[in-house]
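Colleague: Next come a sequence and a model predicted from it.
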Amino acid sequence: MSALGKGVVFHSEETKDAELPSLEGAKVLLVEDNEINREFAVELLGTMGVEVSVAVDGEEGVAIFSAGEFDAILMDIQMPKLDGMEATRKIRQLTSSAGDRFATVPIIAMTAQAMAGDRDQALAAGMNDYVSKPIDPQLLAKALSRWLTTSEVTDTAPVVEAQIRRNVVPGALSSLTTINAEVGVDRIGGSETTFEKLLVTFSERYADAVKEIRELIDGNNLDGAEQRSHALKGVAGNLSADLLFEKTAMVDEQLKHHQLPSTYQLDELEKTLQSTIAEIESLHKQDQNEADVPTAVVDHKVLMSDLDSLRQAIDEDLISAQKQLESVQSRVAGSEFAEKVGQIAEQLDLFDIDAAKEVISELEALLG
C-alpha cells in the first residue's frame, strides 16, 4: 500500500457522509503518549479492520517505523522526549535502500490545536493531513482512506455508520450526567465494556489532576502545568466528559500562553472533575456489586479452550485478543476465576504480552 500522492491536504473537517470506507488490511503506526487516548484509538481502528502498532512517544515512533513496514502513521503532536513535529522531520530525513517509504509514508497529525498556524507547522514538518481531537470515527477513517491505495486493502463491504454507532448504551452508562456515554461509546467503536474500563482508569489516574496543576503553578512550572492540563483535556474529550473538557480547555489555553488561570477557574475545574470522578466510581461500585452475584458454575473444559484461543490471538492480533478477552470475561463473571481474567486484561492494557501469557498459564494451572 502506498500514498495516493505526495501532496498535502488539510480538510479533515469536511461534512460527514453516511458510510466509512473499509480499511481492512491497512497497517498503521499509532504514536500517542497518553495511555487512555492510545487505547481509544487502538479500539476504534480495530473496528475498521486496521492492523495497529503502537509507539508511546515520538522517539519510539521513529525507531518502530524504521524497523517495520507501515501504510500510514497517526502522529500525536504534543509528546515527551520527541514531539510529533520533530518525529516527523526525523522520519522524512531518513533514507532507506529499500525505497522512498520514509519520504512518502502518509503522516496524519492528531491534534487538539487545528488552527491555521498549526497546519502550516505540520506541513513544514512533512505531515500530510490532520484529524482533530477528540477523534471522530468517520473523519479519522476518511483521513486514512484519502492517503491509502486499495491494492492491499481487503475487498470487503464499506463499514456503514451503523457498525460504528451500533449500540444503545445500557441503563447504567446512560444514567451518567457528567459524561455523554453514547457519544463516548461511539468514539471507541461500540464497546461498552472497554469504555467502562477506560472510565475507571481515568478515575484512578486523574483524580488529583487539578491538585497537581495547582502545585506545578505554585512551583512556577507553567510548562509542566500546561502538559498536565493538556493531558486532562485530551482524555476528557475522548471520554465525552463535555463540561470537564470545556473547563479544562479554558485553563489549558491560558497556561499555553504562560498566563495564570484564576483561583475561581481552578476551583470550578476541580468541582467538575470531582463530580465526574464520583459518578464513575459509583458506576464501578455498582458493576462490582453485580459481579459479586453468584453465576452458573464455569465449565472448565470450555474455559481452557477459550484461554487457548486467547493465547493464540495475543500472538497474532491484539484487536482480536481484546474481543476474545471480553468473551472470556463474560463467561467467568462472578466466578472464582474473574479476578485472574481481570489481571490478563490489565496486562493487555499495558501491552505487556509476556505478563498476560503468564497469567493465562496461572489460570490454566488452577483449572487443572
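Modeller: Yep, it's here. Numbering: from 1, shown residues only.
Colleague: what ranges do the helices span in the stretch 151-300 of the chain?
Modeller: 161-164, 171-174, 181-187, 192-206, 209-218, 222-238, 242-256, 263-291, 300-316 (DSSP state H, counting those that start in this stretch).
Colleague: just checking, next helix/strand downstream of the last one?
Modeller: Taking DSSP states H and E as the definition, the helix or strand that follows helix 300-316 towards the C-terminus is helix 318-332.
Colleague: Find the nearest non-adjacent residue to the residue nearest the centre of the chain, please.
Modeller: Using C-alpha atoms, centre = their mean, the residue of the chain that lies closest to the mean C-alpha position is Phe40, 2.5 Å off. Once its chain neighbours are removed from consideration, Phe40 has its nearest residue in Asn238; the separation is 4.8 Å (C-beta to C-beta, 6 or more residues apart in numbering). (Glycine included, C-beta is placed from N, CA and C.)
Colleague: Rounded mean pLDDT for stretch 220-236, please.
Modeller: Per-residue pLDDT values over stretch 220-236 give a mean of 95.
Colleague: Low-confidence bits of the protein, can you list those?
Modeller: Filtered on pLDDT under 70, the chain yields the residue ranges 1-22, 95-99, 113-118, 149-171, 287-296.
Colleague: domain ranges for it?
Modeller: Segmentation of the chain into domains, based on automatic domain parsing, reads 19-164, 172-291, 300-367.
Colleague: What's the separation between Ile314 and Glu204?
Modeller: To Glu204, Ile314 is 24 Å away according to C-beta to C-beta, to the nearest Å.
Colleague: How about Asp308?
Modeller: Counting by C-beta to C-beta, the separation of Asp308 from Glu204 is 31 Å.
Colleague: circling back: so which helix or strand takes in the residue nearest to the centre of the chain?
Modeller: Here Phe40 is covered by helix 35-47, with elements defined by DSSP H and E.
Colleague: angle of that helix against helix 222-238?
Modeller: Relative orientation of helix 35-47 and helix 222-238, computed by axes from the mean of the first three to the mean of the last three C-alpha atoms, to 10 degrees: 40 degrees.
Colleague: what does helix 35-47 contact?
Modeller: 23, 28, 30, 32, 52, 54, 56, 74, 76, 110, 133, 135, 137, 140, 159, 163-164, 187-191, 194, 198, 201-202, 205, 234-235, 238-239, 318-319, 322, 349 (C-beta atoms under 8 Å, 6 or more residues apart in numbering).
Colleague: Return the distance of Asn238 relative to Val31.
Modeller: Note on Asn238: its distance to Val31, by C-beta to C-beta, is 16 Å.
Colleague: Neighbour count for those two, which is higher?
Modeller: When neighbours are counted by other C-beta atoms under 10 Å, Val31 comes out ahead of the other of Asn238 and Val31, with 29 against 25.
Colleague: I'd like to know how many residues surround the closest residue to that one other than its chain neighbours.
Modeller: Computed as C-beta to C-beta, 6+ apart, the closest residue to Val31 that is not its neighbour in sequence is Gly61, at 3.6 Å. For Gly61, the tally of surrounding residues (other C-beta under 10 Å) stands at 31.
Colleague: how about Gly61, what does it touch?
Modeller: The contact partners of Gly61, by C-beta under 8 Å, 6+ apart, come to Leu29, Val31, Ala55, Ile73, Met75, Leu82, Ala87, Ile91.
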